[in-house]
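K.L.:
sequence plus the predicted model coming up.
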Amino acid sequence: MKNLIERVSSEATATEADVVSLLECGGADVKALYEAADCVRHDTMGDEIFLRGIIEFSNHCRKSCDYCGIRGPNRTVTRYRMTPEEIVETACQAKQLGNTTVVLQSGEDPWFTAERMCGIIRAIRQQAGVAITLSIGERPLGELVQFKEAGCDRYLLRFETSDRDLFGRIHPDDDFDERIQCLHDLRRAGIQVGSGFMIGLPGGDTGTIARDILFATRLELDMIGCGPYLSHPETPLSARPLLEDREIYFKTMAVLRLLNPRAHIPATTAFDALFEGGRDLVLTRGANVFMPNVTPRKFRALYQLYPNKPCVDEDSGQCSACVVGRVARLGRTIGKGPGHSRRGPEKNSSQ
Ligand code: 5AD
Ligand code: FES
């Protein structure tokens, strides 16, 4: 086991078979894997947990991803769109609640043109003074450059799966190569890049997860966001089962940390949808970032990408108090700075 963990701790020597072995390990080896991931996290990222407040500012979406609850064709969703003023005000609140970054997330909503987004970014910069991450889907390079100029620091765009056939089947509007090109464009625009995948999409197996882990690693990401795939009833992929081995969701996060010692890795919200205290567990198995929901309470239930989403009945103050308690119970501290990329500059400009 020790040799396996050592081999997988280097991208140069990790093979798909090694990663599969780790994902399938059992008994005392599981604990050893989690301890190794926690140790790497401690040594490279420290004990700070960075808070990135997420504002789900619009659930309008022009796309039809087969897994997603807010896909355009889902007529059961009540659509909402926060005004630019509301978004900026929410960002200011997020700052007061201790978040050093705000993540602006939405469906692919064309109402938010590059010009409108840039206005929002500039206003948040001036009034809240927090780092800004966008998570608004694919945009052309020209717009990404404008976002950067306006003050956008980072961008989250998951590749969802590295299996291009599967990607094509579940994304009727998207092309795998274009998605990856957009990740390269983000880097060209000078924006820190976050990406990742859903763990346990239907049609995959342990080999798929291993390939997803290795693919994410080769992208040399500043941030890696992954979470369990959860079947949403109002989608073409309704009623798909969870993975039989529930531990594999956590093992995936641990292996990602071994291979990506310097990446920011959030304990994503979907872990709480599936496991009691799921996000806390991920924070002890490789993750170093928490994304408290700071969306105004009245909109939360309308932004259900997957079922059983946590924090829907809470407001931002309650989530913030909850997070402070969680961090303290883990014996960690809340990140003070913006928590920018820990990758060397050579990595950020290499692609
Ligand atoms: N289960 C889990 N994650 C989902 N996402 C969207 N739908 C689901 C689902 N049913 C994730 C996607 C997307 C991110 C914002 O949410 O990975 O990139
Ligand atoms: Fe929202 Fe705990 S983080 S209730």
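P.N.:
Okay, I see it. Ligands and ions are numbered 1, 2, ... in the order given.
K.L.:
what ranges does this protein have for its strands?
P.N.:
48-58, 101-106, 131-135, 154-156, 192-195, 198-199, 223-224, 227-228, 266-267, 289-290, 333-334 (DSSP state E).
K.L.:
and the longest one, what other elements does it pack with?
P.N.:
This means strand 48-58. Secondary structure elements in contact with strand 48-58, counted by 3 or more C-beta pairs under 8 Å, 6 or more residues apart in numbering; DSSP states H and E, are helix 84-96, strand 101-106, strand 289-290, helix 316-329, strand 333-334. Every residue, glycine included, has its C-beta placed from N, CA and C.
K.L.:
which residues in the stretch 1-150 of the chain form helices?
P.N.:
Ranges of helices within the stretch 1-150 of the chain are 2-8, 16-23, 28-45, 84-96, 114-127, 141-150, based on DSSP state H, counting those that start in this stretch.
K.L.:
now the ones you listed as a markdown table including mean pLDDT and mean neighbour count?
P.N.:
Shown next, in a markdown table, are those (pLDDT from 0 to 100; neighbours: other C-beta atoms under 10 Å):
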| stretch | mean pLDDT | mean neighbour count |
| --- | --- | --- |
| helix 2-8 | 87 | 16 |
| helix 16-23 | 96 | 18 |
| helix 28-45 | 97 | 17 |
| helix 84-96 | 97 | 19 |
| helix 114-127 | 98 | 18 |
| helix 141-150 | 98 | 17 |
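K.L.:
ligand 2 contacts on the stretch 251-351 of the chain?
P.N.:
292-293, 311, 314, 318-319, 322-323 (C-beta under 6 Å from any ligand atom).
K.L.:
hmm, back to that, so which of the helices of the stretch 1-150 of the chain comes closest to Arg279?
P.N.:
helix 28-45 (14.5 Å; C-beta to C-beta).
K.L.:
for that closest one, output the C-alpha coordinates as CSV.
P.N.:
Extracted as CSV, the C-alpha positions of helix 28-45 are listed here (Å, rounded to 0.1, in the frame of the first residue of the first chain):
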residue,chain,number,x,y,z
ALA,A,28,-7.0,-0.7,6.8
ASP,A,29,-5.8,0.6,3.4
VAL,A,30,-8.7,3.0,3.1
LYS,A,31,-7.7,4.7,6.4
ALA,A,32,-4.0,4.8,5.2
LEU,A,33,-5.2,6.5,1.9
TYR,A,34,-7.2,9.1,3.8
GLU,A,35,-4.3,9.8,6.2
ALA,A,36,-1.8,10.1,3.3
ALA,A,37,-4.1,12.6,1.5
ASP,A,38,-4.7,14.6,4.7
CYS,A,39,-0.9,14.7,5.3
VAL,A,40,-0.2,16.0,1.8
ARG,A,41,-2.9,18.7,2.3
HIS,A,42,-1.4,19.7,5.6
ASP,A,43,2.2,19.9,4.2
THR,A,44,1.4,21.8,1.0
MET,A,45,-1.8,23.8,1.7
